[in-house]
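> Please find the sequence and the predicted model below.
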Amino acid sequence: MDEKLNNTPKTEEKTENYSLNDDRRVKVLSPGALVAKRFFRNRLAVTGLIILFAMFIFSFVGGLVTPYKQDQKFYRTEGQAKDYAGVIYNDEFRYYAVDGNDFTGAVQAQTLLHFMRGENSFTYNAVKYKIDRVSDDYYTVTSADKLIGIASKFLVTSSISNDVFSFDFTYAALEAFANKSNKFNADGSEFKMDAEGIIFDNDGNEYAYVSKYIVKAIMNDVFFTRDFKNELISAIEAGEKSFKYSDDKGVNAEYILSFDAAKNITNVKQEIPTTVFDTYSSPSKKHWLGTDRNGMDMLTRLMYGGRVSLIIGFIVVIIETVLGVILGGISGYFGGWIDNLIMRIVDIFYCIPMMPIVIILGAAMDAANLDSKIRMLYLMLILGFLGWPGIARMVRGQILSLREQEFMTATEACGISVPRRIFKHLIPNVIPQLIVIMTMGLGNTIIMEATLSFLGLGVRFPFASWGNIINDVNDTFVLTNYWFIWIPAGVLLLATVLAFNIVGDGLRDAFDPKMKR
């Protein structure tokens, strides 16, 4: 007997694996769990969800991790060559007239003509003039035994200022230089002069010098010391292309020389180390994606820009949904003249050209010079206020079909208030369609914001958005040479909008029970 019992096969527990479409399996799943199962079976939708998750981490967590701020500017030191001076070797006579004498331009021309002929006197307009040749580069002109002017290829230049000397000082200095005298008196003072034409005052300080070179500063408030002029002239005479000079203030700069034969002038450019914005710096260890035209870190700007674009997208969609659900729910439930009124308002909003209106309002905000935060708030309100009619029409259509069903008759029989019927029993049945529309609408809103920012009518500096980052490609040179300025922002924008659309498609399929799996 025991053996028979032992030989009796034991009843094995049977385990059944239910498929997702099995009715017995569906019965034990809640509607939300069923939708989730359907959604996560869609690999493309899951991929889109992963991309969106990565974008949120990049934008909201990355902005907290990065050591930089979105408006932090970086600088670099580089040599910049600026026009500094012009040097002319004077090979023509320059005239100086005695105050109160009529040594006009016509007389000067006649004087030069007769001087070149080697004549010592001439008559012009019944007036006799005498030319006293001191040297080939200097002569004096007298009339009626009175000095009326001098002509010289040499110039007397101050060593301590840009002041112009009196005629008496210039005449005495040129006379002393031509006669190789070591001292002269002028303006009530005695001056000394060395063989090189350097003039000293009574205290032995350098006061002026005589030279054929004219050194003219580009800026009127710049004064050149004689030491600098000597270095400059020596470099020009040696045929050098550049030279370095350190002034008494410790500024060490390089000077670039270039001769303009047409104007017979040597142009001098000063190249000094200058702190400038680290503009369009290439990707490096410090800046992984380089810097933009304002010297800001591009990676940090992309992080904060994604945050702004996503926040604007969500807030605009929330505004659109709230307005659309309220007006669509009221219109679909009550019908009659209320429905006609709300639908005519919807028709009016559909007739409004959204892009031109937004561009006009953006230009108006530009004219009002609004703060960047206020501007961003107005932008969200404008986009949200203009985008609700589509949601309102969808909600109205769904409620029109739902309000005649039996569960709504039961709510009316139970005496449930009208607002509770609409928002507690009707609207929840529209939520699946709302979620799909909101998800796909986020991508459109982000594209709209990016377009407006690209046109300069959206988010403004110092706030970053992917749209105003791409705005830099308005410059063709930036477009072709600095890929790191616009390609990363374009890729992020494309990936985010594409991911929202993919997730929206996945949610639509998951909520639709008629879709075949």
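Thanks, I have the structure now.
> For Y68, identify the helix or strand it belongs to.
Using DSSP states H and E, Y68 sits in no helix or strand.
> hang on, it packs against M298?
No. Using CB atoms under 8 Å, Y68 makes no contact with M298, being 10.3 Å away. Where you see a C-beta, it was placed from the backbone N, CA and C, and this is true even at glycine.
> neighbour count winner among these two?
Taking other CB atoms under 10 Å, Y68 and M298 do not tie; M298 has more neighbours (26 against 18).
> check contacts around the more buried one.
Applying CB atoms under 8 Å, 6 or more residues apart in numbering to M298 gives the contacts H287, L289, G290, T291, D292, I469, F484, I485, P488.
> got it, and N468?
G305, S453, F454, G456, G458, V459, R460, F461.
> What's the separation between the residue lying closest to the first one once chain neighbours are set aside and L402?
Spatial nearest neighbour of G305, excluding adjacent residues (CB to CB, 6 or more residues apart in numbering): A464 at 3.9 Å. Counting by CB to CB, to the nearest Å, the gap from A464 to L402 is 44 Å.
> These two: who's more crowded?
A464 (27 against 17).
> what's the spacing between that one and G306?
Taking CB to CB, one finds A464 at 9 Å from G306.
> How about E175?
From E175 to G306 the distance is 80 Å (CB to CB).
> Mind checking which of those two has more residues around it?
For E175 versus G306, the count of surrounding residues by other CB under 10 Å is larger for G306: 26 against 17.
> show me what contacts the more buried one?
G306 neighbours (CB under 8 Å, 6+ apart): M55, F58, S59, W466, L492, T496.
> and G86, backbone torsions?
Torsion angles at G86 (phi, psi; degrees, to the nearest 10) stand at phi -130, psi 140.
> Run a quick neighbour tally on it.
16.
> That one reaches V268, doesn't it?
Yes. Counting by CB under 8 Å, V268 is a contact partner of G86 at 6.7 Å.
> picking that back up, from the contacts of M298, which ones fall inside helices?
When DSSP state H defines the helices, the subset of those inside them is I469, F484, I485, P488.
> the helices in the stretch 151-300 of the chain, which residues?
Here the stretch 151-300 of the chain has its helices, by DSSP state H, counting those that start in this stretch, at 167-178, 226-237, 298-334.
> what pLDDT, on average, does the second one get?
For helix 226-237, the mean pLDDT works out to 86.
> just the last one next, same as before
pLDDT averaged over helix 298-334 equals 89, rounded to a whole number.
> Distance from that helix to the middle of the chain?
28 Å (CA atoms, centre = their mean, to the nearest Å).
> try stretch 375-390
Mean-position distance between stretch 375-390 and its chain equals 27 Å (CA atoms, centre = their mean).
> Check which residues of that stretch are buried.
Residues of stretch 375-390 classed as buried: 375-376, 378-380, 382-384, 386-390 (neighbour count, 16 or more other CB atoms under 10 Å).
> before we move on, back to that, so which of the contacts of G306 is the closest to N340?
Nearest to N340 among the contacts of G306, counting by CB to CB, is T496 at 39.6 Å.
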